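*Asks:* pasting the structure only:
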Ligand SMILES: NC(=O)C1=CN([C@@H]2O[C@H](COP(=O)(O)OP(=O)(O)OC[C@H]3O[C@@H](n4cnc5c(N)ncnc54)[C@H](OP(=O)(O)O)[C@@H]3O)[C@@H](O)[C@H]2O)C=CC1
Ligand SMILES: CC(C)(CO)C(=O)C(=O)O
């Protein structure tokens with residue numbers, strides 16, 4: 001299977017490594033120091049189950065890589081316009097494109113059914129550029145559980161032993177193309193890749209943690225466990241998780257989880273969420289998809305979220321103050 005991973009950072013580096021290790025014909029769209037490092041030394045994945053180096057084809061020019069069976073997009077939400085502008089040469093008539101990213105995806109209401117079916121989310125896809133370049137037909141939803149950090153360009157450290165990439169078609173079908181990508185992703189060991197009939201539920205199952213722990217850690221400047229060690233912040237995390245669950249249910253999803261148990265399960269996690277990693281690195285933070293849009297959807301669903309409003313409002317102000325929040329559009 002020919003698979004191109006678009007964006008060879010923490011998650012893209014991990015997934016490209018697993019795909020190559022599992023025998024797929026893998027290429028990556030990378031740039032800058034990551035591109036030079038991968039070309040010179042290959043891509044190294046350092047994970048609890050194995051440390052290995054693979055040598056995918058790498059380019060900053062998708063035309064050099066050509067049409068693929070599948071493209072896996074693993075950039076930050078605000079980088080999607082760049083993907084839209086460049087992706088065309090990777091797409092043949094049958095190419096599937098899986099967006100394996102955090103937060104509310106640009107396609108959220110496509111093939112959703114009901115009154116909201118087809119509603120565009122311009123803050124996540126300014127000008128509809130991704131929709132136009134990729135199209136809803138090709139799109140597969142993705143949710144990734146894997147705590148990854150770029151140690152140095154071309155070298156990804158994976159913290160958790162059992163990663164997971166959940167895939168799902170927007171219309172809930174379990175397609176052959178999703179199963180083929182799932183098989184390629186899991187063939188490299190260390191990752192499972194279920195194909196599910198309700199990917200939006202999985203988006204929210206993950207998002208409730210990102211929107212709760214993300215702003216707390218961004219503000220505390222500490223990893224998840226150390227942040228939760230402060231009793232007032234632990235209590236806020238529980239309230240935030242509960243509110244996030246209410247948004248998902250307000251949007252019609254059957255999301256049932258125990259917020260306190262989730263916080264307890266996260267207490268041993270030292271990982272700094274990617275939003276904090278970006279803040280510390282002086283980069284733009286991925287605010288729209290993970291923090292801002294979920295609250296816009298809460299308003300749409302008539303759900304009140306006072307704790308999340310406070311946390312997200314403060315996190316946004318902090319990122320704005322350091323020039324690291326770029327509103328979409
Ligand atoms: N890191 C983690 O542990 C987790 C992250 N996620 C999610 O996964 C997604 C990816 O995050 P993460 O891997 O951390 O992000 P990274 O910033 O580490 O990786 C994104 C990579 O894509 C590259 N890129 C972006 N646009 C282009 C382009 N047009 N051409 C070539 N390369 C490009 C970036 O290059 P450059 O650096 O030059 O911009 C960067 O190397 C996000 O949605 C994140 O929230 C989900 C679970 C865990
Ligand atoms: C915290 C974590 C690793 C949860 O999987 C994440 O999604 C992120 O770092 O953005």
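*Replies:* Everything's here; your move. Please read all numbers here as calculations on a predicted model, not as lab measurements. Ligands and ions are numbered 1, 2, ... in the order given.
*Asks:* contacting residues for whichever residue of the stretch 151-300 of the chain sits closest to ligand 1?
*Replies:* Scanning the stretch 151-300 of the chain for the residue nearest ligand 1 gives residue 274, at 3.8 Å (criterion: Cβ to the nearest ligand atom). Heads up, the C-betas are built off the backbone N, CA and C, glycines and all. When contacts are counted by Cβ atoms under 8 Å, 6 or more residues apart in numbering, residue 274 is found next to 10, 102, 286.
*Asks:* tell me which parts of the stretch 101-250 of the chain are close to ligand 2?
*Replies:* 102, 145, 147, 210 (Cβ under 6 Å from any ligand atom).
*Asks:* quick one: which of those residues is most hemmed in?
*Replies:* Neighbours here mean other Cβ atoms under 10 Å. Within these, the largest count is held by residue 102, at 23 neighbours.
*Asks:* check the secondary structure at that one for me.
*Replies:* Using DSSP: H, G, I helix; E, B strand; the rest coil, the structure places residue 102 in coil.
*Asks:* can you check the one 3 residues further on too?
*Replies:* When the structure is split into helix, strand and coil by three-state DSSP, residue 105 lands in coil.
*Asks:* and residue 136, that's in a helix?
*Replies:* No - remark: residue 136 does not belong to a helix; assigned using three-state DSSP, it is coil.
*Asks:* ok, and the closest non-adjacent residue to it?
*Replies:* Beyond its immediate neighbours in the sequence, the residue positioned closest to residue 136 (Cβ to Cβ, 6 or more residues apart in numbering) is residue 110, lying 4.6 Å away.
*Asks:* quick one: the strands in the stretch 201-329 of the chain, in order.
*Replies:* Listed in chain order, the strands found in the stretch 201-329 of the chain under DSSP state E, counting those that start in this stretch amount to none.
*Asks:* how about low-confidence regions in it?
*Replies:* In the predicted model of the stretch 201-329 of the chain, residues 329 satisfy pLDDT under 70.
*Asks:* nearest residue to the middle of this protein?
*Replies:* residue 101 (1.7 Å; Cα atoms, centre = their mean).
*Asks:* contacting residues for that one?
*Replies:* By Cβ under 8 Å, 6+ apart, residue 101 lies in contact with 11, 73, 74, 75, 76, 77, 142, 144, 289.
*Asks:* quick one, what contacts whatever residue of the stretch 1-150 of the chain ends up closest to ligand 1?
*Replies:* In the stretch 1-150 of the chain, the residue that lies nearest ligand 1 is residue 9 (1.8 Å; Cβ to the nearest ligand atom). Contacts for residue 9 (Cβ under 8 Å, 6+ apart) come out as 34, 74, 75, 150.
*Asks:* how close does the third one get to residue 321?
*Replies:* Computed as Cβ to Cβ, to the nearest Å, the residue 75 to residue 321 distance reads 25 Å.
*Asks:* of those two, who's got more company?
*Replies:* residue 75 (21 against 9).
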